[in-house]
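Peer 1: generate coordinates for the sequence data below:
(one chain, ligands or ions: 1)
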Amino acid sequence: MTTAGPVSLFAGALALILVASSGAAETGPAPGVTPIAVEATPEQMQEAVATVRAGRKMAPKLWPAGARVAVALTFDIDNETWWRDNPLPVPLSEGEYGALEAVPRILALLDRHDVPATFFVPAMSAILHPDMIPEIVRRKRHEIGVHGWVHEEPSTLGDQAVEERLLAKSVAYLTQVAGKRPTGFRAPSWDFSPYTLEAIRKAGFVYDSSMMAMDEPYELLSHGKPTGVLELPPDWIGDDYPYYEPSATGSLPSPDAVYAIYKAEFDGAYSEGTLFILSMHPQVTGRRSRITVLERLIPYMKSRPGVWIATLGDIAHYVNEHANSR
Ligand SMILES: [Zn+2]
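Peer 2: Presented below is the predicted three-dimensional model:
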């Protein structure tokens, strides 16, 4: 087993540790990041965490039509990008499965239940499978969001200009193939460099979906200042990868357990009246035994009164229109 697959998904320090273990990188902080020393002063502690912090809570009192919870089904179509560091035929075929089998299976499921979803797409995935985005877009209820050029992790680039150039290329490419400029960004591997927030703010994104400081929508702060960028926070519990990743094989063999976790997270969001986001990958969740989790969960959620299943873009728009109504 190579570490190329898992490495690509883990953010921050964990990625560095795993990459280091494969001999591909040095240990230590990402470029431009200062570690917090054992003798750090209060000012140094504050400064070290200030790049991106949580600002005001943004969940509205009620969601559209009086709904009590907003639900977003999101899919990161990473496909072959996980193996770009060592693109050998067999692992690449796992990524190919995402486009050939998993995305069509997921689209059919979403059609059957008549629900929208948000798809975050690295440009490379769209380039390798040119029919994929048109298939998603022709449903007319799904959203396409930006997820890097080749799923590059911003903190590993160490260059603000390069990061901004790749972001601009990604936006331009997806705009062209989707026929509409994306308004949402999810960082590849949920990885932010010291420059990422400024880059997405300058590029005009309405929302990000990478940070994890709250359960509900919130505004991102940069060095203490509001940025106007809305965060719609995902989290590892609502991600399919940790449960099914190759090194987890056998430790959690049953998708029934994943269903129980997702259902409990939804039930909690429902009782709190806020937001429930699932972050999945077609090549992970779109397998025959695993798609059953969504096949059960979507009807369960729809059976509860007051559940608004929407794209993150629609949720972001509503939140920004109704901020401070709580
Ligand atoms: Zn990804």
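
Peer 1: what comes up buried for the strand or helix carrying Arg296?
Peer 2: In the assignment (DSSP states H and E), Arg296 maps to helix 291-303. Residues Ile291, Val293, Leu294, Leu297, Ile298, Met301 are the ones in helix 291-303 that count as buried (16 or more other Cβ atoms under 10 Å). (Glycine included, C-beta is placed from N, CA and C.)

Peer 1: residues making contact with it?
Peer 2: 71, 73, 105-106, 109, 113, 115, 255, 258-259, 262-263, 266, 280, 285, 307, 309 (Cβ atoms under 8 Å, 6 or more residues apart in numbering).

Peer 1: name the nearest residue to Ile315, ignoring sequence neighbours.
Peer 2: Ala70 (5.1 Å; Cβ to Cβ, 6 or more residues apart in numbering).

Peer 1: pLDDT (mean, whole number) over the helix holding Arg296?
Peer 2: In this model, helix 291-303 has a mean pLDDT of 98.

Peer 1: test my guess that Thr274 contacts Glu216.
Peer 2: Yes - checked against Cβ atoms under 8 Å, the pair Thr274 and Glu216 is within contact range at 4.1 Å.

Peer 1: who touches both of these two?
Peer 2: Joint contacts of Thr274 and Glu216 (Cβ under 8 Å, 6+ apart) are Ala59.

Peer 1: could I get the contacting residues of Ile237?
Peer 2: Shown in contact with Ile237 (Cβ under 8 Å, 6+ apart): Ile261, Glu265.

Peer 1: show me how far stretch 194-206 is from its chain's centre.
Peer 2: How far stretch 194-206 lies from its chain's middle: 16 Å, per Cα atoms, centre = their mean, to the nearest Å.

Peer 1: what's it in contact with?
Peer 2: So stretch 194-206 is contacted by 32-33, 51-52, 146, 154, 160, 163-164, 167-168, 171, 182-185, 187, 208, 220, 222, 227-230, 313, 316-317, 320 (Cβ under 8 Å, 6+ apart).

Peer 1: may I see the ChimeraX selection of the buried members of those?
Peer 2: Restricted to buried positions by 16+ other Cβ under 10 Å, the ChimeraX selection for the contacts of stretch 194-206 reads:
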select :51,52,146,154,160,163,164,167,171,182,183,184,185,187,208,220,222,227,229,230,313,316,317,320
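
Peer 1: out of the contacts of stretch 194-206, which sit inside helices?
Peer 2: Pro154, Gln160, Glu163, Glu164, Leu167, Ala168, Val171, Gly313, Ala316, His317, Asn320 (DSSP state H).

Peer 1: any part of stretch 87-101 near the ion?
Peer 2: No - counting by Cβ under 5 Å from the ion, the ion has no neighbours in stretch 87-101; the shortest distance is 11.0 Å.

Peer 1: where does pLDDT dip in the protein?
Peer 2: Low-confidence segments of the chain (pLDDT under 70): 1-26, 248-253, 324-326.

Peer 1: alongside the ion, which residues does it contribute?
Peer 2: Proximity of the chain to the ion, by Cβ under 5 Å from the ion, involves residues Asp76, Asp78.

Peer 1: which residue, other than its chain neighbours, is closest to Val69?
Peer 2: Leaving out its chain neighbours, the residue that sits closest to Val69 by Cβ to Cβ, 6+ apart is Tyr270, at 4.7 Å.

Peer 1: OK, contacts around that neighbour?
Peer 2: Arg68, Val69, Phe276, Arg304, Val307.

Peer 1: could you turn the buried ones of these into a ChimeraX selection?
Peer 2: Buried members of these, defined by 16+ other Cβ under 10 Å, are picked up in ChimeraX with:
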select :68,69,276,307
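
Peer 1: can you put the contacts of Tyr270 in a markdown table and add secondary structure and distance to Val90?
Peer 2: Listed next are the contacts of Tyr270 as a markdown table, based on DSSP: H, G, I helix; E, B strand; the rest coil; distance: Cβ to Cβ, whole Å:
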| residue | secondary structure | distance to Val90 |
| --- | --- | --- |
| Arg68 | coil | 46 |
| Val69 | strand | 41 |
| Phe276 | strand | 36 |
| Arg304 | coil | 43 |
| Val307 | strand | 41 |
